[in-house]
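Trainee: Okay, sequence plus prediction incoming.
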Amino acid sequence: MHLGGFEADSMNRRCALLPISDPELRCKLFDSLVLPILSYASEVWGVDEKIGDAAELLHRQFLKHILGARDSTANVIVLAELGRYPLCFHWWQQILRYHNRINNLYDDERLIQCAFVEGMHDPAHLFWSHKGHSWLQGDSVGLSIEDDLDVSTVIGTAKNHYAQTWHQSSLSSVARYQPLQPEYVLAPYLSAVKGFKSRKLISRFRCGCHGLHVDTGRLLPLAQQVPRGQRHCVFCASGSAEDDHHFVFDCPAYYAIRNRFTNIFWSAAPTLSSFFIILHDPKVIARFLRECFEHPGGSTVWTYPLVL
């Protein structure tokens, strides 16, 4: 994993020099330059989640870096924002391809094939091929490992299951985020907004690490924390919690700014999903957010979450 981390750092430095900031392109570079190193010999160890944790951690750190998100941002949110899947799906793909190669050995008396078949049916030894068999028979796939497998179909089925269930998390931040990402694909604004700083404004706001009081209040020591609904906005006298909706639609501190962006406030019953999705030019949203956060009578505390 050390070599993979070194390659990821080298890639990030090179992208900064060129410069390359497009998230989709950087993810493709990661898959071409870093993932092969992280996946070395994954045909055998890839079934063990504990062994893969270090590689997955590096993957998530990379994704948070290109989004500009804090380390504490929920991992499933970061993956969903970029339409990415955990690396284990790539490792399972390698494992199933290896299975097909073994299954197609010419001589069925070969030692490696015999060992594979024996291990697959021996739960007492928890051989890696037995774990592969168990994974295939799970809810997300529901297949047998006895015969040749259509690897692309199997992995596609598993990814579809993940894409349909990722939001079933106990984290309240995931429940608030899910309406903003109805489809498990790269969020469109990531390609439309070219400037990193402007793109980071939208990324952090969507991912919930925006620096409003409902966000910064949870970072306080436990003894100083108050319930989310009581983290009131200090820039108006409404007594409302300073959350995403209040900041964008309601807080009078930004009334003059909203008047300059009337084209993005057309709905009589506004929601954050209509604001970010049904929308508007994401570059206009980025300008609106930047003006609000730089407004002298508003939430200038946003300097904290801008620190990577």
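Mentor: Ah, there it is. Residues are numbered from 1 along each chain as shown.

Trainee: Surely Arg258 touches Pro270?
Mentor: No. With contact defined as CB atoms under 8 Å, Arg258 does not reach Pro270; the gap is 10.6 Å. To be clear about C-beta, it is placed using only N, CA and C from the backbone, and glycine gets the same treatment.

Trainee: Of those two, give the one with the bigger neighbour count.
Mentor: In this view Arg258 and Pro270 are compared by other CB atoms under 10 Å, and Arg258 has more residues nearby, 18 against 15.

Trainee: Now that one: closest residue in space, sequence neighbours ignored.
Mentor: Nearest non-adjacent residue to Arg258, counting by CB to CB, 6 or more residues apart in numbering: Phe265, 5.8 Å away.

Trainee: Report whether the expected contact of that neighbour with Tyr255 is present.
Mentor: No. Phe265 lies out of contact with Tyr255 (CB under 8 Å); the separation is 10.9 Å.

Trainee: So for these two, which residue has more residues nearby?
Mentor: Shown here are Phe265 and Tyr255; by other CB under 10 Å, Phe265 has more neighbours (14 against 10).

Trainee: Tell me the spacing between that one and Val154.
Mentor: Separation of Phe265 from Val154 (CB to CB, to the nearest Å): 47 Å.

Trainee: Below-threshold pLDDT in the stretch 1-150 of the chain: ranges please.
Mentor: 1-4, 46-47, 106-134, 137-147 (pLDDT under 70).

Trainee: let's see 80
Mentor: 1-6, 44-51, 99, 102-149 (pLDDT under 80).

Trainee: Check what contacts stretch 190-206 and list those residues.
Mentor: 21-24, 67-70, 81-82, 177, 180-181, 187, 189, 210-211, 244, 276, 281-283, 285-287, 289-290, 293, 305-306 (CB atoms under 8 Å, 6 or more residues apart in numbering).

Trainee: what do you get if the cut-off is 7 Å, keeping everything else the same?
Mentor: Under the criterion CB atoms under 7 Å, 6 or more residues apart in numbering, residues 21, 23-24, 67-69, 81, 177, 180, 189, 210, 244, 276, 282-283, 285-286, 289-290, 305 lie in contact with stretch 190-206.

Trainee: Can you flag the buried ones in the residues you listed?
Mentor: By neighbour count, with 16 or more other CB atoms under 10 Å, those hold 23, 67-69, 81, 177, 180, 189, 210, 244, 276, 282-283, 285-286, 289, 305 as buried.

Trainee: Would you mind pointing out the helix or strand the most centrally placed residue in the chain falls in?
Mentor: Nearest to the geometric centre of the chain sits Leu79, at 1.6 Å (CA atoms, centre = their mean). Here Leu79, judged by DSSP states H and E, is contained in helix 75-81.

Trainee: name the helices or strands packed onto that helix?
Mentor: In terms of contacts (3 or more CB pairs under 7 Å, 6 or more residues apart in numbering; DSSP states H and E), helix 75-81 is packed against helix 49-67, helix 172-177, helix 196-207.

Trainee: Of the buried ones among the contacts of stretch 190-206, which belong to helices?
Mentor: Residues of the buried ones among the contacts of stretch 190-206 located in helices (DSSP state H): Pro23, Leu67, Glu81, Tyr177, Tyr189, Asp244, Pro282, Lys283, Ile285, Ala286, Leu289.

Trainee: With distance to Ala223 added, can I get the residues you listed in CSV?
Mentor: Formatted as CSV, these follow (distance: CB to CB, whole Å):
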residue, distance to Ala223
Pro23, 38
Leu67, 31
Glu81, 32
Tyr177, 28
Tyr189, 38
Asp244, 26
Pro282, 40
Lys283, 42
Ile285, 37
Ala286, 37
Leu289, 32
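
Trainee: Tell me the pLDDT of the nearest residue to Ile285 once chain neighbours are set aside.
Mentor: Nearest residue to Ile285, sequence neighbours excluded (CB to CB, 6+ apart): Ile202, at 6.1 Å. pLDDT recorded at Ile202 is 92.

Trainee: and Ile202, how far is that from Trp135?
Mentor: Counting by CB to CB, the gap from Ile202 to Trp135 is 36 Å.

Trainee: Comparing these two, which residue is more hemmed in?
Mentor: Legend: neighbour count by other CB under 10 Å for Ile202 and Trp135, higher for Ile202 (24 against 19).

Trainee: Quick check: that one vs Arg97, distance?
Mentor: 38 Å.

Trainee: shaky segments in the stretch 201-308 of the chain?
Mentor: 265-269, 277-280, 296-308.
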